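Chemist: I'll drop the sequence and a predicted model, then ask my questions.
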Amino acid sequence: MELHVAKDTHQLSENLAAWLSNYIQSKLQTQERFTFVLSGGNTPKALYALLAKAPYNQMIEWEKLHFFWGDERAVPYEDSRNNARMAFDVLLNHVPVNPENIHPMLTDREPEQSAKEYEATLHRYFKGQENTFDLVLLGMGDDGHTLSLFPGLPIVHENKKWASAFFLDAQDMYRITLTAPVVNLASCIVFLATGEGKALTLKSVIEGVYNPDVYPSQVIKPENGELHWFVDEAAAGALDR
Ligand SMILES: O=C(O)[C@H](O)[C@@H](O)[C@H](O)[C@H](O)COP(=O)(O)O
């Protein structure tokens with residue numbers, strides 16, 4: 001695991017945008033496509049906005065990128081809580097990605113049906129490959145959740161399905177989410193977390209005993225890929241460094 005600490009959220013987004021651009025372009029020297037899982041939530045918005053602008057909108061070969069989501073709130077696309085809506089508004093509507101290569105988790109059908117369709121898409125994409133995604137970008141909630149893997153839920157321990165849907169009582173909505181198995185087969189996993197409010201949780205996730213029912217982010221352990229944490233000083237404040 002590699003920890004990258006920036007002095008503040010602005011610098012963190014700048015550092016991660018540069019790191020991602022270099023990583024993507026280095027991979028595209030030896031492969032034809034790059035499969036990228038976007039995170040929802042608020043933290044990545046500043047990063048997505050940077051990637052949509054110079055120099056990254058020219059440096060990255062967007063036509064070779066294929067986009068997926070880590071999870072989705074099962075609300076209409078038009079709803080401001082929809083993760084795909086945010087990514088299109090801030091990034092994907094501003095760069096030349098081939099629309100056929102963008103795979104949102106569809107919310108215009110039953111969530112379970114959408115999850116089944118998503119899983120079929122993933123198996124089609126990665127058939128015969130040892131690894132799945134080239135890069136998975138994840139956030140972490142201050143309760144230690146990632147994707148839609150929330151503390152105490154059975155979905156945290158799903159070890160066969162690659163995508164699933166369930167009703168999240170705490171938010172009175174269905175969620176569609178990737179699961180640990182498909183993420184842990186990725187070549188590279190990048191967590192992005194900021195703010196003092198996540199400092200103690202981050203310490204428990206990274207330095208504490210393995211307790212994924214309390215800290216679901218701990219189930220994210222790449223089988224043979226890289227794991228990076230990009231955090232600001234505020235979120236890193238409780239770490240032993
Ligand atoms: O749909 C979501 O909400 C995300 O997938 C979720 O896992 C998010 O990454 C964390 O909740 C952190 O969210 P913030 O970046 O808003 O703190």
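Modeler: Cool, the structure landed. Residues are numbered from 1 along each chain as shown.
Chemist: Every contact and neighbour count from this point should use C-alpha atoms.
Modeler: Noted.
Chemist: Can you show me the helices along the chain?
Modeler: Counting by DSSP state H, one finds helices in the chain at the ranges 9-27, 44-51, 56-59, 83-90, 111-125, 180-184, 199-207, 233-236.
Chemist: what are the ranges of the strands in the chain?
Modeler: Assigned by DSSP state E, the chain shows strands spanning 2-6, 34-38, 65-69, 71-73, 102-103, 135-139, 163-168, 173-178, 188-193, 226-232.
Chemist: So which of the ones you listed is the most surrounded?
Modeler: Mean neighbours per residue, mean count of other Cα atoms under 10 Å, is largest over the strands of the chain for strand 71-73, with a mean of 27.
Chemist: So what touches that one?
Modeler: The contact list for strand 71-73 (Cα atoms under 8 Å, 6 or more residues apart in numbering) reads 39-40, 81-84, 105, 107, 147-148, 173-178.
Chemist: separation between the nearest residue to K160 once chain neighbours are set aside and H94?
Modeler: With Cα to Cα, 6 or more residues apart in numbering as the criterion, K160 has its nearest non-adjacent residue at 6.7 Å, and that residue is P181. From P181 across to H94, the span is 32 Å (Cα to Cα, to the nearest Å).
Chemist: quick one on the thing from earlier: rebuild the helices of the chain as a markdown table, extending it with distance to the ligand.
Modeler: As requested, the helices of the chain are exported to a markdown table (distance: least, Cα to the nearest ligand atom, whole Å):
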| stretch | distance to the ligand |
| --- | --- |
| helix 9-27 | 12 |
| helix 44-51 | 6 |
| helix 56-59 | 22 |
| helix 83-90 | 6 |
| helix 111-125 | 14 |
| helix 180-184 | 13 |
| helix 199-207 | 12 |
| helix 233-236 | 11 |
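Chemist: Pipe the ones you listed into TSV and attach mean pLDDT, mean neighbour count and distance to H66 per row.
Modeler: What follows is the helices of the chain, written out as TSV (pLDDT from 0 to 100; neighbours: other Cα atoms under 10 Å; distance: least, Cα to Cα, whole Å):
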stretch	mean pLDDT	mean neighbour count	distance to H66
helix 9-27	98	17	12
helix 44-51	98	20	15
helix 56-59	96	16	15
helix 83-90	98	20	13
helix 111-125	98	17	10
helix 180-184	98	24	16
helix 199-207	98	19	30
helix 233-236	98	22	30
